[in-house]
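Enquirer: pasting the sequence and the predicted coordinates here, then a few questions.
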Amino acid sequence: MQVSPNGSRASVPGPAETFTGVVTVTPLFAPSEHSNAGGGLVEFTPGARSHWHTHPAGQTLIVTAGTGWVQEEGGEKIVIKPGDVITTPPGVKHWHGAASESPMSHIAITPARDGKVVGWLEPVTDDQYR
């Protein structure tokens with residue numbers, strides 16, 4: 001058993017190459033000999049969002065605070081709120097982020113496939129976001 005105390009993991013800004021707006025990422029756990037999944041807390045300020053991306057082994061999000069949106073390519077934006085769980089299958093192009101008037105935080109649990117967890121794509125345009 002391993003305990004990782006709150007505050008012992010350094011938060012980092014979400015890179016501009018993969019996020020629009022102010023995003024903070026706090027690692028929670030990394031893949032290990034027992035699991036190929038990693039997890040992190042991702043905090044979005046109002047209007048902040050990920051770029052379009054895919055996950056080769058899928059992803060699960062657990063919304064912890066605020067109001068946000070998720071969208072699969074070709075689908076409608078879906079409102080997400082605390083307690084919602086979003087499961088994205090492998091290879092599905094999507095984005096997620098805060099609503100325009102609210103911050104949003106989620107825990108992201110992402111397994112690896114062949115050592116890769118995400119394939120980043122183009123930014124979500126303002127028109128797509130609206």
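Expert: All right, it came through fine.
Enquirer: and the one residue sitting closest to the centre of the chain, what's its pLDDT?
Expert: Geometric centre of the chain, nearest residue: Ala108, 5.3 Å, by Cα atoms, centre = their mean. If you check Ala108, the pLDDT there is 98.
Enquirer: now the helix or strand where it lies, how far from the chain's geometric center?
Expert: Here Ala108, judged by DSSP states H and E, is contained in strand 104-111. Remark: strand 104-111 is offset 5 Å from the chain centroid, using Cα atoms, centre = their mean, to the nearest Å.
Enquirer: ok so, going back, show me what the residue nearest to the centre of the chain is bridged to.
Expert: Beta bridges link Ala108 to Gly40, Leu61 when assigned by DSSP bridges.
Enquirer: helices or strands next to the strand holding Ala108 in the packing?
Expert: If contacts are counted by 3 or more Cβ pairs under 8 Å, 6 or more residues apart in numbering; DSSP states H and E, strand 104-111 sits against strand 37-44, strand 59-66, strand 94-98. In this view, the C-beta of every residue, glycine as well, is placed from N, C-alpha and C.
Enquirer: which of those is buried the deepest?
Expert: strand 94-98 (a mean of 24; mean count of other Cβ atoms under 10 Å).
Enquirer: quick one: contacts of that one?
Expert: 19-21, 23, 44-54, 61, 66-73, 80, 86, 88, 104, 106, 124, 129 (Cβ atoms under 8 Å, 6 or more residues apart in numbering).
Enquirer: ok, Thr45 - contacts?
Expert: 21-23, 98, 103.
Enquirer: need those in JSON lines (columns: pLDDT).
Expert: Below are the contacts of Thr45 laid out as JSON lines (pLDDT from 0 to 100):
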{"residue": "Gly21", "pLDDT": "97"}
{"residue": "Val22", "pLDDT": "98"}
{"residue": "Val23", "pLDDT": "98"}
{"residue": "Ala98", "pLDDT": "98"}
{"residue": "Pro103", "pLDDT": "98"}
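Enquirer: please enumerate the helices of this protein.
Expert: 126-129 (DSSP state H).
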